[in-house]
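**Student:** When you get a sec, could you give me coordinates for this:
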Amino acid sequence: MVVKGYWDNPGATAESFVAGYWCPGDLGSIDADGFVRVFDRKKDMINRGGYIVYSVEVENALMGYPGVVEVTAVAQPSPVLGERVHVLVVSSDPQL
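**Tutor:** Numbering: from 1, shown residues only. This next block holds a predicted model:
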């Protein structure tokens, strides 16, 4: 994937690129065999009106539903609450 920057957010783009490389904030490792593992994100908390929501807890809860293949919880700006929880889900069931 090639990323030029964040859509309509030059500040986030400037913060995320270091020496020409995109640093999205994922935490992971590369083992001796070259396998890459992604463990988590640096910013794993969503501040919803002073209530801290951990994205991994939302993701783990939703992964328990039948037909859910992948899920991610992300923060979206909110003028009232600071941030809102948004969830993106990949399902094996077209009805979900």
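**Student:** The chain: strands as residue ranges?
**Tutor:** All strands of the chain, identified by DSSP state E, fall at 17-18, 21-22, 26-30, 36-41, 45-48, 51-54, 68-78, 82-91.
**Student:** just so I know, which of the ones you listed lies nearest Leu62?
**Tutor:** With C-beta to C-beta as the criterion, Leu62 lies closest to strand 68-78 of these, at 4.5 Å. The way it works is simple: take the backbone N, C-alpha and C, and place the C-beta from them, glycine included.
**Student:** which residues are contacting the closest one?
**Tutor:** For strand 68-78, the surrounding residues in contact (C-beta atoms under 8 Å, 6 or more residues apart in numbering) are 43, 46-48, 53, 55-56, 58-59, 62-63, 83-92, 96.
**Student:** hmm, which of those are the buried ones?
**Tutor:** With burial judged by 16 or more other C-beta atoms under 10 Å, the buried subset of the contacts of strand 68-78 is 46, 53, 55, 58-59, 83, 89.
**Student:** would a markdown table of those with distance to Ala19 and pLDDT be doable?
**Tutor:** Below are the buried ones among the contacts of strand 68-78 laid out as a markdown table (distance: C-beta to C-beta, whole Å; pLDDT from 0 to 100):
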| residue | distance to Ala19 | pLDDT |
| --- | --- | --- |
| Ile46 | 29 | 91 |
| Val53 | 33 | 93 |
| Ser55 | 28 | 90 |
| Val58 | 33 | 94 |
| Glu59 | 31 | 93 |
| Glu83 | 29 | 93 |
| Val89 | 35 | 94 |
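**Student:** what's the domain layout of this protein?
**Tutor:** Structural domains assigned to the chain are 1-41, 43-96, following automatic domain parsing.
**Student:** Quick check: bridge partners of the nearest residue to Met63 once chain neighbours are set aside?
**Tutor:** Spatially, and ignoring its direct neighbours in sequence, Met63 is nearest to Val71 (5.9 Å; C-beta to C-beta, 6 or more residues apart in numbering). According to DSSP bridges, the residues that bridge with Val71 are Val89.
**Student:** since we're on Val71, how many residues are nearby?
**Tutor:** For Val71, the number of neighbouring residues by other C-beta atoms under 10 Å comes to 18.
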